[in-house]
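1. my questions are about this predicted structure, shown below with the sequence.
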Amino acid sequence: MNLFDLTGKVALVTGGAVGLGAGISLGLAKAGADVVIVTSNDRSREVEQQIQAMGRKAHTIIADLMDESVLKSVVDKALSVFGKIDILVNNAGIIRRTPAADHAAQDWHDVLNLNLNSVFFLSQLVGREMIKQGSGKIINIASMLSFQGGINVPGYTASKHAIAGVTKALANEWAGKGIQVNAIAPGYMATDNTAALRADEERSSQILVRIPAGRWGTSEDMQGPIIFLASRASDYMSGHVLCVDGGWMAR
Ligand SMILES: NC(=O)c1ccc[n+]([C@@H]2O[C@H](COP(=O)([O-])OP(=O)(O)OC[C@H]3O[C@@H](n4cnc5c(N)ncnc54)[C@H](O)[C@@H]3O)[C@@H](O)[C@H]2O)c1
């Protein structure tokens, strides 16, 4: 019996076409899941094709998740294609870097809209379906800035602290209904999200020297932890924020 087997499960991964989301979508498919990828642009076909090449089903939905009014149609579309959602990964997220004193209101609102509001309202819509089916796994993508303050990213830090809170709030309400809600807090990972940081030689070397593993993380590093939290192996875990950070938080 394989505790990590996801055969027959349907996963919905927001931002599942690039960066960490691509690693997550591919990891879930490797473990047996069919995957609905929600993406804000049309770059997703490569991951969709890789999933299909593994013999799994994949379907892409293009949607701007900052627009709360589209969330219901995203869930309805996923349900009409695969009939159910067993796993929701709230991965889509943006970051806007400017010092707090200069942080534009629009940047603050955009970051909170995508990184927090869409996560809660999508979880609410999918959670209702999971309550009806009596099972489900919701995995939110948090951050080191769910614990720390960061530099020049006040909106992002606020959103990721809130993600840790929402994860626990939903976990408390839904654990008794067969739904586990947990989060993964990635450390410093080499994706578009951190391109500006990695391009800044001083910040980049300050970060690298503090990572015990001695390297930036990759989207593949997300795969084991996501399969664990999406599978039966973690059925008694609820409201946990799992750091996947090469040891950053332990330092
Ligand atoms: N890269 C890191 O070091 C790091 C560290 C901690 C947490 N994270 C988090 O991991 C998640 C993925 O980040 P990433 O590093 O892969 O970044 P990325 O920039 O490579 O990908 C961001 C994803 O969000 C999606 N997205 C952006 N705006 C959207 C919108 N309006 N509607 C729908 N989707 C939208 C994009 O399509 C893309 O798939 C984010 O939540 C991010 O905060 C990343």
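-> Received, thanks.
2. CA only for contacts and neighbour counts going forward, please
-> Fine.
3. I'd assumed Gly246 was in contact with Pro212.
-> Yes. Between Pro212 and Gly246 there is a contact under Cα atoms under 8 Å: 6.1 Å.
4. of the two, which one has the most company?
-> Gly246 (21 against 14; other Cα atoms under 10 Å).
5. what's the helix or strand for the more buried one?
-> Gly246 belongs to no helix or strand when assigned by DSSP states H and E.
6. mind pulling up the pLDDT for Leu20?
-> Listed pLDDT for Leu20 reads 97.
7. does it really touch Gln223, like I thought?
-> No. Counting by Cα under 8 Å, Leu20 stays clear of Gln223, with 9.2 Å between them.
8. can I assume His59 sits in a strand?
-> Yes. Counting by DSSP: H, G, I helix; E, B strand; the rest coil, His59 falls inside a strand.
9. could you list every helix and strand in contact with the helix or strand Asp76 falls within?
-> Asp76 is located in helix 71-82, with elements delineated by DSSP H and E. Under the contact definition 3 or more Cα pairs under 8 Å, 6 or more residues apart in numbering; DSSP states H and E, helix 71-82 sits against strand 58-62, helix 118-133.
10. list the contacts of that helix.
-> Contact with helix 71-82 is made by 10, 12, 36, 38, 59, 61, 63, 65, 84-85, 118, 121-122, 125-126, as judged by Cα atoms under 8 Å, 6 or more residues apart in numbering.
11. kindly report the same for stretch 185-200.
-> Contacts for stretch 185-200 (Cα under 8 Å, 6+ apart): 19-20, 94-95, 141-144, 146, 203-204, 207, 216-219, 222, 241-246, 248.
12. would you mind checking those residues for buried ones?
-> Taking 16 or more other Cα atoms under 10 Å as the criterion, what is buried in the contacts of stretch 185-200 is 19-20, 95, 141-144, 146, 204, 207, 216-219, 222, 241-246, 248.
13. check those residues one by one and keep those near the ligand.
-> Gly19, Leu20, Ile141, Ala142, Ser143 (Cα under 6 Å from any ligand atom).
14. so of those residues, which ones are in helices?
-> Gly19, Leu20 (DSSP state H).
15. okay, the ones next to the ligand among the buried ones among the contacts of stretch 185-200 in a markdown table with distance to Trp174 next?
-> Supplementary listing: those in a markdown table, determined by distance: Cα to Cα, whole Å:
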| residue | distance to Trp174 |
| --- | --- |
| Gly19 | 29 |
| Leu20 | 26 |
| Ile141 | 18 |
| Ala142 | 19 |
| Ser143 | 23 |
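16. between the ones next to the ligand among the buried ones among the contacts of stretch 185-200, which is nearest Arg45?
-> Gly19 (13.7 Å; Cα to Cα).
17. how many residues are close by the residue lying closest to that closest one once chain neighbours are set aside?
-> Leaving aside its sequence neighbours, Gly19 sits nearest to Thr191 (Cα to Cα, 6 or more residues apart in numbering; 5.3 Å). For Thr191, the count of nearby residues is 16 (other Cα under 10 Å).
18. for Thr191, give its distance to Val241.
-> 21 Å (Cα to Cα, to the nearest Å).
19. residues contacting Leu12?
-> Leu12 neighbours (Cα under 8 Å, 6+ apart): Val35, Val36, Ile37, Val38, Ala78, Ile85, Ile87, Leu88, Val89.
20. sheet partners, orientation included, of whichever strand or helix holds the last one?
-> According to DSSP H and E, Val89 maps onto strand 87-90. Sheet pairing here is set by DSSP bridges, and for strand 87-90 it gives strand 10-14 (parallel), strand 136-141 (parallel).
21. can I get the contacts of Leu12 in TSV with pLDDT?
-> Putting the contacts of Leu12 into TSV (pLDDT from 0 to 100) gives the following:
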residue	pLDDT
Val35	98
Val36	98
Ile37	97
Val38	97
Ala78	98
Ile85	99
Ile87	99
Leu88	99
Val89	99
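22. great, nothing more from me.
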